[in-house]
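Asker: Need a 3D model of the following:
(2 chains)
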Amino acid sequence: MTLEQETTFKIYDILDTEGLSYFYRGDLTASITDGILALTETNLTKANEPVKVKKRVYTILVEGLQNITRHQDETGTWKSFFGVEQSGEFYYITMANIILNENQKKLTSQLDKINSLEKEELKDFYKKTLMENELSEKGGAGLGLIEMARKSGNKLQYAFKKLDDKWSYFYLRTYIKHNFAAVNSDESHLNFGNIFDLHEQLDKENVLIIFNGIFNQESLINLLSIIESQMAGQAALKKKVFNIMVELLQNIVKHGISPIKQEGNPGLFYISYSKNGYKLHTGNYIKPDKIDSLKENIDKVNNLNNEELNEFYDKRLFNFQIDNNKESGLGLIELRMKSNSKLKYAFKETSEKYTFFTIEVTIKD
Amino acid sequence: MEPLIRKATEDTPEIILDKDKNTFSISERSLPENAFDFYKPVYEWLEQYITQPTEQTELHIKLDYFNTASAKQLGKIFNLLETIKYSLKVIWHYYADDADMLESGKRFARLTGINFELVEEEPEEDSDDFKIIYD
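Answerer: Residues are numbered from 1 along each chain as shown, chains lettered A, B, ... in the order given. Model prediction:
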C-alpha cells in the first residue's frame, strides 16, 4: 500500500460516511459556484426536503459563496474552503477564507453581536445595517452574515487560524435542521467537529474537490460540470480528466455496493494536484469475493505496454460476449491508456461482507 | 420507415435516423449509465434499415465525448453496418485539438471494413471562465 492510498482511507475515516458531504478547496468562480449550487439542489431534491428548507439552505450557500469570492487570496497561496454536509437531521455549511489578521477583531465583534440577537432583533439589525450601508455606499459590511444567521435560525460558529504575520483563515459554520419547524438550540451541533483535521489533510494533499456520499448518474453529471468549469482553458487535459472521471465514477455506480439500503452506492471521490499532475481518487465498497478478480484485472492492464494495451482494447471492443449494462470490459484499459500511468489500488477489509476499495489514477501533464 | 429521433440530454447523444430525409447522425456526448439500453432501439432501427437501405448511406458521427460503455455500442453498430459497407460511408467528425477522438475514429476504421472519412473541425472557442463579481 502506498502513502496515497493510506491518505484515501484517512480522509474517509475523518468524514462522516453515514451522511453526505462535499468540500471544495480553491478559487471560486461563477461556474464553480453554479456547480456547487446544482449539486446541492440535486441532493436536496433527492432528500425530498420541503421548499422552505431548500430555500434556506440555498440562501445560506449563496451568501457563503459570495462571502468567499469577496475575500480570496490574490496571491494564490491560500485556498478558500467550502463544504456542505448532511448528517442525520441536519445540514451543516462550513466555509473558510483568508482574512487580514487586523480584521479579526472587527469580525469577532460583528459575529458576537449577531449571535446575541433574537429573531426579531436580527430583522431590525438587518434593516439598520442595510440603511447604513446605503448611506456609506460601501456594501458588504456584515449583511451576508446577518442573512446567514437569519436563514439558519441558529448561531454562527466561527474560528480563526493564524497562517502567518499577515493572514488568517476565518472559519464560519452553521446548520439547519431538516424539519425547520423545530429550531434546535443544542449548541453542540455548532462545534467544528473534524473540519480542521479535514482541511489540514486536504491542504496537505492539495485536494481540489472532494465528494463523499451516494454515487448515481445524477451526482456524477453534477460533479462533471463542476470539474469542467474548474478546468476551463485547458482543453486537452480537461478532456482527459473528464474521461477518467466518468469511468471511475460509473464503476462505483455499477459495481459498488451499499452497506445500507439506499439509492446508489456510497463512496468517495477526490481530485488532488501534485508535481506529477492531477490525481483522481475513488473509494467504494465491494464484496470481498470480488477482490481477487479485480486485482487480477488491474494487474493485467498495469503490466501491459502501450502497444499491448491497444491490442487488448481492440480485442475487447469487438468482443460482444461481454456486452450488457454492467460492463463493457473496457473501463480499466481505458483508465490505463488515457492516464498513461499505472493504476494504484488498495483494499481495506471493513467487515466480513464489505471491503473498501480505493483506486488512484495519475494524469501526467 | 419511421424515423428514430432522440434529443440530446446532458448524458445521451442526439440521434437522427431518418430514411426519408436520408439523414443519419449521432452527435453531442454519450455517457449514459446504461449504454446497452440506450443504444438498443438504435441498433434495432439499423437492423431493419439494412434490409432495405437507400442507395448511398452517410452516417455522421459527431461526438464530443463517449464513455467506454458507449464505445462498445458503437462497435456493435459498425459491426452490424458492415453488411451494407459497399453503399455506406461513416463521416467521423473530430475537433482539431482532440487527438483522442481522432484515434477512436482511426481505430473503428481499422477494425471494421467500413469506409471511414475522418473530418477535422475547428475547435470551439473555449470561453474564458470569468471571475464572479458581486456588489
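Asker: Any regions of the chain where pLDDT drops low?
Answerer: All of this refers to chain A. The model of chain A has pLDDT under 70 over residues A:1-5, A:16-18, A:72-75, A:134-141, A:179-190, A:229-234, A:261-262, A:365.
Asker: The chain in question should be chain B.
Answerer: Along chain B, segments meeting pLDDT under 70 span B:124-135.
Asker: How are the helices of it distributed by residue range?
Answerer: Assigned by DSSP state H, the helices in chain B fall at B:35-49, B:68-81, B:99-111.
Asker: Ends of stretch A:282-298, what's the gap?
Answerer: Terminal residues of stretch A:282-298 are spaced 15 Å apart (CA to CA, to the nearest Å).
Asker: any idea which of the helices of chain B is most buried?
Answerer: helix B:68-81 (a mean of 22; mean count of other CB atoms under 10 Å in any protein chain shown). Where C-beta positions appear, they are placed from N, C-alpha and C, glycine not excepted.
Asker: Restricting to C-alpha, output it in CSV.
Answerer: Extracted in CSV, the C-alpha atoms of helix B:68-81 (Å, rounded to 0.1, in the frame of the first residue of the first chain):
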residue,chain,number,x,y,z
THR,B,68,-16.3,3.0,-22.8
ALA,B,69,-19.8,1.6,-22.5
SER,B,70,-20.9,3.7,-25.5
ALA,B,71,-17.7,2.7,-27.4
LYS,B,72,-18.8,-0.9,-27.1
GLN,B,73,-22.3,0.0,-28.5
LEU,B,74,-20.7,2.0,-31.4
GLY,B,75,-18.6,-1.0,-32.1
LYS,B,76,-21.7,-3.2,-32.3
ILE,B,77,-23.4,-0.7,-34.6
PHE,B,78,-20.4,-0.6,-37.0
ASN,B,79,-20.2,-4.4,-36.9
LEU,B,80,-23.8,-4.5,-38.0
LEU,B,81,-23.3,-1.9,-40.7
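Asker: So which elements touch that helix?
Answerer: Other elements packing on helix B:68-81 under the criterion 3 or more CB pairs under 8 Å, 6 or more residues apart in numbering or on different chains; DSSP states H and E are helix A:306-317, helix A:331-339, helix B:35-49, strand B:57-66, strand B:88-95, helix B:99-111.
Asker: at 7 Å instead, please
Answerer: Helix B:68-81 sits against helix A:306-317, helix B:35-49, with contacts defined as 3 or more CB pairs under 7 Å, 6 or more residues apart in numbering or on different chains; DSSP states H and E.
Asker: Nearest to A:I210, out of the ones you listed?
Answerer: helix B:35-49 (27.8 Å; CB to CB).
Asker: which element is A:Y175 on?
Answerer: Element membership for A:Y175 (DSSP states H and E) is strand A:167-177.
Asker: Quick one: residues in contact with that strand.
Answerer: Strand A:167-177 is contacted from outside by A:53, A:56-57, A:60, A:78, A:89-101, A:104, A:107, A:148, A:152, A:154, A:156-163, A:183-184, A:189-190, A:192, using CB atoms under 7 Å, 6 or more residues apart in numbering or on different chains.
Asker: What separation is there between A:K166 and chain B?
Answerer: Going from A:K166 to chain B by CB to the nearest CB, to the nearest Å gives 22 Å.
Asker: give me phi/psi at that residue?
Answerer: phi -110, psi -40 (degrees, to the nearest 10).
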